[in-house]
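*Asks:* how does the following fold in three dimensions:
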Amino acid sequence: MDGGGDGSSGCLAPPEALYCGGQGYTAARLDPATGKTRWRFSAGIESSAPVMVREGVVVVNDMKGPSWSTEVRQWVTGLSTDSAEVEWTHSVADGSRAVPFGKWVVALSVNSRHLVAMNAEDGAEAWRFTIPEGDSCIPWSGGGALYARCFPANDPTVEGTLWHIGPAGQAREVGAVPPDANPVGVDGDELVLLEQSGGTEDETGDYTSVLRVHTTTGESRRVALPKRGRVTPDDRAPLIDGTLYLVRADGTVTAVSARTGKVRWRRDTEVEGLSAPVLSEKYGALYLVSGHGRLLALAKADGRVMWKTPSREGASPRPDAGPPTVRLKGDAIVAHAGGLTFSVSPLEPNAPVER
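*Replies:* This is a model prediction of the structure:
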């Protein structure tokens with residue numbers, strides 16, 4: 001069974017196990033039933049986070065060397081899911097993170113001239129996309145597809161190009177993309193991005209509009225975001241089933257239609273520093289966690305608070321802990337917050353925590 005994540009922090013939850021890691025921490029395999037650590041990957045790694053799991057290999061993004069050192073290097077490494085033994089490893093461009101795409105992981109080459117697809121099982125190179133001369137590109141995967149956002153390396157503030165990259169590395173130019181637009185998901189045939197300017201004179205740094213780009217024709221259209229509840233790139237704004245959930249640092253969550261910009265609901269949770277939500281269709285709930293380990297459930301339909309927990313002992317938000325994240329493992333909620341990984345049942349969220 002395959003599993004994939006964003007490769008920055010948090011956990012992957014394939015059926016047989018739980019793999020967690022993040023900024024300032026090394027990847028570990030946990031027993032999903034008890035929370036006990038089966039193994040932890042170290043080998044001089046400062047931090048590592050899981051990207052995907054495939055055929056007995058978990059692929060992680062690694063940072064070797066302390067974060068303050070000039071000797072920091074980025075790597076993509078395949079580990080045995082049974083033992084954490086290194087199956088393969090490749091260095092990549094500093095600051096680059098591999099993204100999952102089918103049976104491969106894709107990352108920026110050391111010289112920043114190619115996007116390289118590596119087989120998750122053995123690390124063998126499958127194909128590479130040559131970055132246009134003078135450009136710098138960032139890979140992004142979503143909706144089962146791979147894209148590259150490319151901008152002039154000497155002036156990343158000007159308009160760039162969006163490329164669609166096929167399963168054999170073939171590239172197709174989709175269209176122009178603004179420098180301040182960041183992809184958040186795919187809705188139907190359109191790539192959904194959030195834009196900071198969106199043709200306005202807004203200088204707050206907030207995202208002001210949704211940019212929808214058709215993945216075949218390249219045609220684009222903008223949808224204005226409501227002024228109240230807008231977020232910045234440092235906040236959370238996932239796209240789930242056509243709805244953008246704008247999570248501000250102050251704990252305000254706003255559900256907005258990604259097609260029309262219409263507000264579906266807004267809720268002040270009074271819990272600061274929340275993660276992006278994860279949706280439980282079974283319970284009709286959105287789960288979020290704070291850096292202090294506070295979990296809460298919001299009703300998908302209207303945003304009402306269904307339940308909220310106290311802070312967790314041992315969870316402490318700090319720069320080297322990375323952002324809080326939450327995932328589902330079956331019905332169980334798995335949270336990674338402030339250096340603590342724990343799981344709870346949505347039916348008994350205040351029960352003793354499994355760590």
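*Asks:* now the phi/psi pair for the residue nearest to residue 349 when sequence neighbours are not counted, please.
*Replies:* The spatially closest residue to residue 349, leaving aside those adjacent along the chain, is residue 309, at 5.2 Å (Cβ to Cβ, 6 or more residues apart in numbering). Every residue, glycine included, has its C-beta placed from N, CA and C. Taking degrees, to the nearest 10, you get phi -110, psi 160 for the backbone angles of residue 309.
*Asks:* wouldn't residue 309 be in contact with residue 290 here?
*Replies:* No: Residue 309 lies out of contact with residue 290 (Cβ atoms under 8 Å); the separation is 9.7 Å.
*Asks:* and those two? which has more neighbours close in?
*Replies:* Legend: neighbour count by other Cβ atoms under 10 Å for residue 309 and residue 290, higher for residue 290 (24 against 19).
*Asks:* dihedrals phi and psi, that one?
*Replies:* Main-chain torsions, residue 290, degrees, to the nearest 10: phi -100, psi 170.
*Asks:* mind listing what it touches?
*Replies:* 271-275, 311, 317, 324, 337 (Cβ atoms under 8 Å, 6 or more residues apart in numbering).
*Asks:* which residues does it bridge with?
*Replies:* Residues in a beta bridge with residue 290, per DSSP bridges, are residue 274.
*Asks:* what do you get for residue 75?
*Replies:* Those that pair with residue 75 in a beta bridge, by DSSP bridges, are residue 62, residue 91.
*Asks:* just to revisit the earlier point, next, work out how far apart the residue nearest to residue 349 and residue 275 are.
*Replies:* Here residue 309 is placed at a distance of 14 Å from residue 275 (Cβ to Cβ, to the nearest Å).
*Asks:* got it, and residue 42?
*Replies:* From residue 42 across to residue 275, the span is 26 Å (Cβ to Cβ).
*Asks:* between the two, which is the more surrounded one?
*Replies:* residue 275 (24 against 11).
*Asks:* does that one touch residue 323 like I think?
*Replies:* Yes: contact criterion Cβ under 8 Å: residue 275 and residue 323 qualify, at 6.6 Å.
*Asks:* the bottom helix or strand of this protein by mean pLDDT?
*Replies:* None of the helices or strands of the chain scores lower by mean pLDDT, DSSP states H and E than strand 3-4, at a mean of 42.
*Asks:* before we move on, the earlier item: could the contacts of residue 290 be laid out in a markdown table, adding pLDDT?
*Replies:* Output for those, formatted as a markdown table (pLDDT from 0 to 100):
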| residue | pLDDT |
| --- | --- |
| 271 | 96 |
| 272 | 95 |
| 273 | 94 |
| 274 | 97 |
| 275 | 96 |
| 311 | 94 |
| 317 | 84 |
| 324 | 92 |
| 337 | 90 |
